[in-house]
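1. only geometry, no sequence info:
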């Protein structure tokens, strides 16, 4: 399947048509999505009409001219349901498009429909009473990740070249890693989240939450980021591999990473070092990751509860205190990024795990023979989420079972394109090995 950029170029050159690309994507979904169950809200008739309108008009320079894509169910698209997987919101129909949807359509994208999510976007696997379970295209017995699990599965299955999701606890980065595709969690606040909010509310954006692109190709990832971003994000000057300064964090002090995942992070570091880059495996500049994770979980609990009382009573730490700690943590990361261009770490400590509907708080994994709590793994996506940093999930290998291994590249605030650039180099250094 062609990339989004190549598809738009082919349509513009008259080598294909928007309708032909739309029909081909619809055919891929209809023939291949039965067991995967990624594209759960289908809007094929309106997609065909949008493609025909593009073909009837001039072949302009819109970046996504005629590109077929899908988008996470949690984004509003006028006339389609936005339920966030809740049975009580299955009948909630959006009245207008989310800002991100409007910007993608303005760039020429043809939206085929919406992809699956877990209930409330609150799990790292995708299953809900409205649409059922999404399965990993690489192994149907494994999860596709969450909460953008349908997004990543649709890409991995080759249905579409481009997707859009959201991330507060790894919801872009983990599905991308599990499904072997690219995903980017942007710098907090750089992409307008209006139209991506809990059903039947006024749409207050929670602290930490962002929206961002997923793709099969890093150039498409960078393009989609720019198309939806509120303001231009700076791009790093071209440089040789030897000029990058990399910090490797293959294990979190509170969350075990499997030998396969940790080894792949180390392999990427070794490849950068062999190419002449500065690579360190520890630094006194790294913030207190234990304290960071504890504060991250406190703020995350408030954001996900949406005002519901805690079973154990009110939060023990006032929000203003947590925000002060978050500000101090952000300054610590800023100091670190004076010395390094990127930090490379696991996106999650395992590859895609078997379907398990045990509540997240009670779920466990066996990692290299050791039983560990699933919830502890949120420490890995939290590395970038709590300090509001950009992070790119990049496929870099497979484990012994043939499941994709993805890692995350974290960069300084607003250095989103640096994260993508380093991720591209990491992929190119190790992917063929």
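-> Received, thanks. Just so you know, these numbers come straight off a predicted model, no measurement behind them.
2. partner residues bridging residue 42?
-> Taking DSSP bridges as the rule, residue 42 bridges to residue 113.
3. distance of it from residue 30?
-> Distance of residue 42 to residue 30, given as Cβ to Cβ, to the nearest Å: 9 Å. Yep, even glycine has a C-beta here, placed from its N, CA and C like the rest.
4. So which bits of the helix or strand containing residue 105 are buried?
-> Using DSSP states H and E, residue 105 sits within helix 99-106. Going by neighbour count (16 or more other Cβ atoms under 10 Å), the buried part of helix 99-106 is 99, 100, 101, 102, 103, 104, 105.
5. circling back: compare residue 42 and residue 30 (neighbour count), which wins?
-> For residue 42 versus residue 30, neighbours defined as other Cβ atoms under 10 Å are more numerous around residue 42 (16 against 13).
6. Tell me the confidence at that one?
-> With respect to pLDDT, residue 42 scores 98.
7. Spatially central residue for the chain, please.
-> Central residue of the chain (Cα atoms, centre = their mean): residue 172, 1.7 Å from the mean position.
8. hey, what's the nearest residue to that one once chain neighbours are set aside bridged with?
-> Distances taken as Cβ to Cβ, 6 or more residues apart in numbering place residue 183 nearest to residue 172, at 4.2 Å, with adjacent residues excluded. Note on residue 183: beta-bridge partners residue 214, residue 393, judged by DSSP bridges.
9. Just the helices from the stretch 251-400 of the chain, written as ranges.
-> 259-274, 289-305, 319-336, 379-385 (DSSP state H, counting those that start in this stretch).
10. Now do the SS call for residue 25.
-> Three-state assignment for residue 25 (DSSP: H, G, I helix; E, B strand; the rest coil): helix.
11. wait, what's in contact with it?
-> Listed by Cβ atoms under 8 Å, 6 or more residues apart in numbering, the contact partners of residue 25 are 68, 112, 159, 160.
12. Among those residues, which one has the most neighbours?
-> residue 160 leads those on contacts (other Cβ under 10 Å) with 32 neighbours.
13. Can you list the helices and strands that the helix holding residue 105 packs against?
-> strand 68-72, strand 110-115, helix 218-228 (3 or more Cβ pairs under 8 Å, 6 or more residues apart in numbering; DSSP states H and E).
14. out of the helices of the stretch 251-400 of the chain, deepest packed?
-> helix 379-385 (a mean of 27; mean count of other Cβ atoms under 10 Å).
15. dump the residue contacts of residue 42.
-> Residue 42 touches 29, 112, 113, counting by Cβ under 8 Å, 6+ apart.
16. Format those residues as JSON lines; extra columns: pLDDT.
-> Shown next, in JSON lines, are these (pLDDT from 0 to 100):
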{"residue": "29", "pLDDT": "99"}
{"residue": "112", "pLDDT": "99"}
{"residue": "113", "pLDDT": "98"}
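17. Specify which member of those residues is nearest to residue 59.
-> When the contacts of residue 42 are compared for distance to residue 59 (Cβ to Cβ), residue 112 wins out at 21.2 Å.
18. Residue 67 is in contact with that closest one, correct?
-> No: with contact defined as Cβ atoms under 8 Å, residue 112 does not count as touching residue 67 (10.4 Å).
19. Ramachandran coordinates for residue 276?
-> Note on residue 276: its backbone torsions stand at phi 100, psi 0 [degrees, to the nearest 10].
20. what's the burial count for it?
-> Neighbours around residue 276, by other Cβ under 10 Å: 12.
21. follow-up on the earlier one: what's the closest of the contacts of residue 25 to residue 208?
-> Scanning those for proximity to residue 208, where the rule is Cβ to Cβ, the winner is residue 160, at 27.5 Å.
22. secondary structure class for the closest one?
-> Residue 160 - assigned by three-state DSSP - is coil.
23. Where does pLDDT dip in the stretch 151-300 of the chain?
-> For the stretch 151-300 of the chain, applying pLDDT under 70 flags no range at all.
24. Got the phi and psi for residue 201?
-> Here residue 201 shows phi and psi, under degrees, to the nearest 10, equal to phi -120, psi 180.
25. Can you report how many residues neighbour it?
-> 8.
26. That one and residue 148, how far apart?
-> Distance from residue 201 to residue 148, by Cβ to Cβ: 20 Å.
27. ok, now residue 266?
-> Residue 266 is 27 Å from residue 148, by Cβ to Cβ.
28. For residue 233, give me its contacts.
-> Per Cβ under 8 Å, 6+ apart, neighbours of residue 233: 186, 187, 190, 225, 226, 414, 416, 417.
29. I'd like those residues as CSV, with distance to residue 284 and secondary structure appended.
-> Listed next are the contacts of residue 233 as CSV, based on distance: Cβ to Cβ, whole Å; DSSP: H, G, I helix; E, B strand; the rest coil:
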residue, distance to residue 284, secondary structure
186, 29, coil
187, 25, coil
190, 30, coil
225, 32, helix
226, 35, helix
414, 25, coil
416, 26, helix
417, 28, helix
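30. List only buried entries from these.
-> Judged by 16+ other Cβ under 10 Å, buried ones among the contacts of residue 233: 186, 187, 190, 225, 226, 414, 416, 417.
31. Any figure for the gap between the fifth one and residue 235?
-> Put plainly, it is residue 226. Residue 226 is 9 Å from residue 235, by Cβ to Cβ.
32. Domain map for the protein?
-> The chain breaks down into these domains under automatic domain parsing: 4-228, 241-430.
33. any idea which of these is most buried?
-> Highest mean neighbour count among these (mean count of other Cβ under 10 Å): domain 4-228, a mean of 22.
34. Can you measure across it, start residue to end residue?
-> 15 Å (Cα to Cα, to the nearest Å).
35. likewise stretch 271-288?
-> With Cα to Cα, one end of stretch 271-288 sits 27 Å from the other.
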